[in-house]
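*Asks:* with the sequence up front, the predicted model follows.
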Amino acid sequence: MKNSADPAGAASYFDAATAAPLHPVAREAWHAALDDGWADPDRLYASGRRARRLLEAAQAAVAESLEVRPDELSFWPSGTAALHAGVLGGLAGRQRAGATLVHSAIEHSAVLHIAAQHVAAQQGDATSVGVDLLGRLDLEAWDAAVSAPGVALASLISASHEVGTVQPVEVAGAYCKEAGVPLLVDAAQTLGRAPVPEGWSLLTASAHKWGGPPGVGLLVVRKGVRWRSPYPGDDLFRPQPRGAADIPAIVAAAASLRAVLDEEDTEAKRLSALVERIRAEVARSVPDVEVVGDPENRLPHLVTFSCLYVDGEALLHALDRAGFAVSSGSSCTASTLQPSHVLEAMGVLSHGNVRVSLHRGTTAEEVDQFLAVLPGLVTGIRAEAGM
């Protein structure tokens, strides 16, 4: 059972929410840019000028795709780096207005760590706004939080990276606008999958989530939004990372973003149908399972379910041996040994958790094979545990 989108192995790759397979357009653009994209674009000699032209062309292409100005956009070494820069720079730029960060309870862990550090260092306060059982933002609590005195910045993920619930960004953004608070939106899971809602002041994304190369993050800061570099040795008020830019990777990211946006509607319909099949069949064929997230307002490519009386790590390993690469946010993931903060915030089962996220190379046959194998694996793990 070999997936052509995974040339390195035989697994059916169902973890596009972590990193999507490289789009063919990205691969071609990456290789083509290696000849001229290696030099320092800040140098005035010929090779430097060629590199500068590649970088500026990529910046213009991404800006056009996002319908923003090129000088509002900057490239960072990763989506996490862009998110760090966006939140920290947004807080630094708004010190005169206040020192409180408002964020949802289901933000990327990078934002939660910034909030904790912000409070621990006595630099300001942080207000976490909860979600309901489907993972939807509590808009009444959000309105109250951003309207409070001293709020410097608000941060809201466009769609949950763990359960796929799409957040009401436009409404949340309207509350922020009324309160005079900039809104940062983490669009890592949305960009290339669904339209990015209006209402944001700062936007971040990550190329390897849409099929671009790793090592490229995007930060957009709208004109008029105060942002100041939080990093030492930089007087620039315009977002700009330190160090050399990976120009071939940036060119590949720009080319692949345009390609996935052209395919967005077609792929969203195809993958949404496959996800709907998984949601229905898992609920039918696996006893004591909870399919989580909003069944309607959701990302087209992602579905998460939790199995009662199942060790999540054991299930992931069993699926891996069966040829399926999936992810988990449960407490049994070896890297953290902590339950998913998103599932805990929702108040749903956080153990025996499996996240399936599909991509342009996923076939209906692979999904059918997954659904055929899953019930037996769950039954076997429960039997071994005496359940």
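*Replies:* Okay, I see it.
*Asks:* ok, which stretches of the stretch 1-150 of the chain are strands?
*Replies:* 12-13, 73-76, 100-104, 125-129 (DSSP state E, counting those that start in this stretch).
*Asks:* and those strands, which is most packed in?
*Replies:* strand 100-104 (a mean of 26; mean count of other Cβ atoms under 10 Å). For glycine as for every other residue, the C-beta is placed from the backbone atoms N, C-alpha and C.
*Asks:* and it, how far out from the chain middle?
*Replies:* 18 Å (Cα atoms, centre = their mean, to the nearest Å).
*Asks:* residue 127 bridge partners, please.
*Replies:* On the basis of DSSP bridges, residue 127 takes part in beta bridges with residue 102.
*Asks:* do the one 10 residues further on as well
*Replies:* Note on residue 137: beta-bridge partners residue 131, judged by DSSP bridges.
*Asks:* please parse the chain into its domains.
*Replies:* 12-22+264-384, 24-258 (automatic domain parsing).
*Asks:* possible to save the strands of the stretch 1-150 of the chain as TSV with distance to residue 25 and mean pLDDT?
*Replies:* Listed next are the strands of the stretch 1-150 of the chain as TSV, based on distance: least, Cβ to Cβ, whole Å; pLDDT from 0 to 100:
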stretch	distance to residue 25	mean pLDDT
strand 12-13	19	96
strand 73-76	18	96
strand 100-104	33	98
strand 125-129	38	97
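*Asks:* what's the closest of these to residue 266?
*Replies:* Distances from residue 266 to each of the strands of the stretch 1-150 of the chain were compared using Cβ to Cβ; the minimum, 20.1 Å, belongs to strand 12-13.
*Asks:* quick one: strands adjacent to the closest one?
*Replies:* Each strand that strand 12-13 pairs with, and the sense of that pairing, follows from DSSP bridges: strand 324-325 (parallel).
*Asks:* now the partner strand: average pLDDT?
*Replies:* Per-region confidence: strand 324-325 scores 96 on mean pLDDT.
*Asks:* going on from it, what's the next piece of helix or strand?
*Replies:* Toward the C-terminal end, the helix or strand that comes next after strand 324-325 (DSSP states H and E) is helix 341-346.
*Asks:* that next one - what's its average pLDDT?
*Replies:* 91.
*Asks:* quick one: list the elements packing against the next helix or strand along the chain from it.
*Replies:* In the C-terminal direction, the helix or strand that comes right after helix 341-346 (DSSP H and E) is strand 353-357. Counting by 3 or more Cβ pairs under 8 Å, 6 or more residues apart in numbering; DSSP states H and E, the packing neighbours recorded for strand 353-357 are strand 302-307, helix 312-321.
*Asks:* to residue 215, which of those lies closest?
*Replies:* With Cβ to Cβ as the criterion, residue 215 lies closest to strand 302-307 of the helices and strands packed on strand 353-357, at 23.0 Å.
*Asks:* could I get the strands of the stretch 1-150 of the chain as TSV with distance to residue 349?
*Replies:* Formatted as TSV, the entries for these read as follows, by distance: least, Cβ to Cβ, whole Å:
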stretch	distance to residue 349
strand 12-13	25
strand 73-76	35
strand 100-104	20
strand 125-129	21
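*Asks:* quick one on the thing from earlier: ranking the helices and strands packed on strand 353-357 by burial, who's on top?
*Replies:* For the helices and strands packed on strand 353-357, the highest mean count by mean count of other Cβ under 10 Å goes to strand 302-307, at a mean of 26.
*Asks:* alright, calling it a day.
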